[in-house]
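# Here is a sequence with its predicted model. Questions after.
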Amino acid sequence: MGKFLVILAILLTAISAGLGYLNQVKFAQVKQRAVDAETTVSQTKAQLTKAQGDLKTASQNLASTVTEKDQLTSRLSGVQTDLEKTKAQMAQLTNDRTSLEAQISQLTADLQAKAQELEQKTTPGAANPAEGGTDQQAQLAEQQTLISKLQGDLDSTRFQLATLQKEKEDRMQQKMRNGLSGRVLAVNPAWNFVVLSLGDKNGVVNNAELLVKRGSQYIGKVRVTSVEPSTSIADIVANSVPQGTAISPGDNVIYQSVGQ
């Protein structure tokens, strides 16, 4: 009986030791899990803080971008309006010149015809030489006055056209630096034009053509129509953009003079 109790005591002691070990192992595992969880929570908090900071920065950048876009859109609208006004003005002046030239031509022909008629009636031996002569002379004088006025209007119109043309030619005589490069800031597909990051201070002139590239790939060509101090407006040259391709903001532009 005593031996049995000793064996039982030994078994209980072993079991107790085993359970204690298992509890220690389990406790260590639980403790490690708690440490891991705390580390994960700390990392998650750090990532969340960083994400919140990035979101705030992104929101600020977005607000700034929206503001710049609105300003650019407003500026583009103004530039386009001015461009259309200039085109309309030149078209109207051209029409006025054509109309005045036609009127002068017709009045000159009428004046010559009446002068011949009056000369025939005042020829010695002609019947009733003085009949209607005074009235026709008055009409001739009136037509000459009208022709003089129309000629003055025509000269004024020609002067205005010449002034506009000279301004255009003066800009064209300026030379752009070969290899001048920039990028596309915005694209307006509806009006088929782009905004470039190059302007008057870079030496950009009207009617200059620039190549558009994306990396090493050729995209198309644009032709400058309006120049501002730091930017310029350029029309996309028809049929220069391959089918299935479109010019986008961020594309590069480069000027290469003829023969380069």
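That came through, no problem.

# which parts of the longest strand that the chain contains are buried?
For the chain, the strand that runs over the most residues, judged by DSSP state E, is strand 217-227. Neighbour counts over strand 217-227 (16 or more other CB atoms under 10 Å) mark 219-227 as buried. Every residue, glycine included, has its C-beta placed from N, CA and C.

# Going toward the C-terminus from it, what's the next helix or strand?
strand 232-236 (DSSP states H and E).

# quick one, that following strand and strand 217-227 angle?
Angle, strand 232-236 to strand 217-227, by axes from the mean of the first three to the mean of the last three CA atoms, to 10 degrees: 130 degrees.

# what is the mean pLDDT for strand 232-236?
Regarding strand 232-236, the rounded mean pLDDT is 95.

# Mind checking what secondary structure the residue nearest the centre of the chain has?
The centroid of the chain falls nearest to Val195 when counting by CA atoms, centre = their mean (2.7 Å). Look at Val195: counting by DSSP: H, G, I helix; E, B strand; the rest coil, its state is strand.

# tell me which residues form a beta bridge with it?
Ala186, Ile233 (DSSP bridges).

# and the closest residue to Ile219 other than its chain neighbours, what helix or strand is that in?
The shortest distance from Ile219 to any non-neighbouring residue, by CB to CB, 6 or more residues apart in numbering, is to Val212 (4.3 Å). Using DSSP H and E, Val212 maps to strand 209-214.

# For the chain, just list every one of the helices.
2-121, 133-173 (DSSP state H).

# now Ile219: how far from Ile247?
6 Å (CB to CB, to the nearest Å).

# typo on my end, Asp135
From Asp135 to Ile247 the distance is 69 Å (CB to CB).

# Give me the more crowded residue out of these two.
A count of neighbours by other CB atoms under 10 Å puts Ile247 above the other of Asp135 and Ile247, at 22 against 10.

# in terms of contact, does that one touch Val194 like I think?
Yes - using CB atoms under 8 Å as the test, Ile247 is close enough to Val194 to be in contact (6.1 Å).

# list residues touching both of the two?
Residues touching both Ile247 and Val194 (CB atoms under 8 Å, 6 or more residues apart in numbering): 184, 187, 222, 236.

# Buried by neighbour count: which residues of the strand holding Val212 qualify?
In strand 209-214, counting by 16+ other CB under 10 Å, buried: 209-212.

# Can you name the residues that contact the nearest residue to Ser248 once chain neighbours are set aside?
Nearest residue to Ser248 in three dimensions, chain neighbours excluded: Val187, at 6.4 Å (CB to CB, 6+ apart). If a contact means CB under 8 Å, 6+ apart, then Val187 has 193-195, 246-249 as its contacts.

# For those residues, pick the one with the most neighbours.
Going by other CB under 10 Å, Val194 tops these with 25 neighbours.

# Tell me the spacing between that residue and Ile219.
Val194 is 11 Å from Ile219, where distance means CB to CB.

# Verify the stated contact: Asp153 with Leu100.
Yes - at 5.6 Å, Asp153 and Leu100 qualify as touching, with contact defined as CB under 8 Å.
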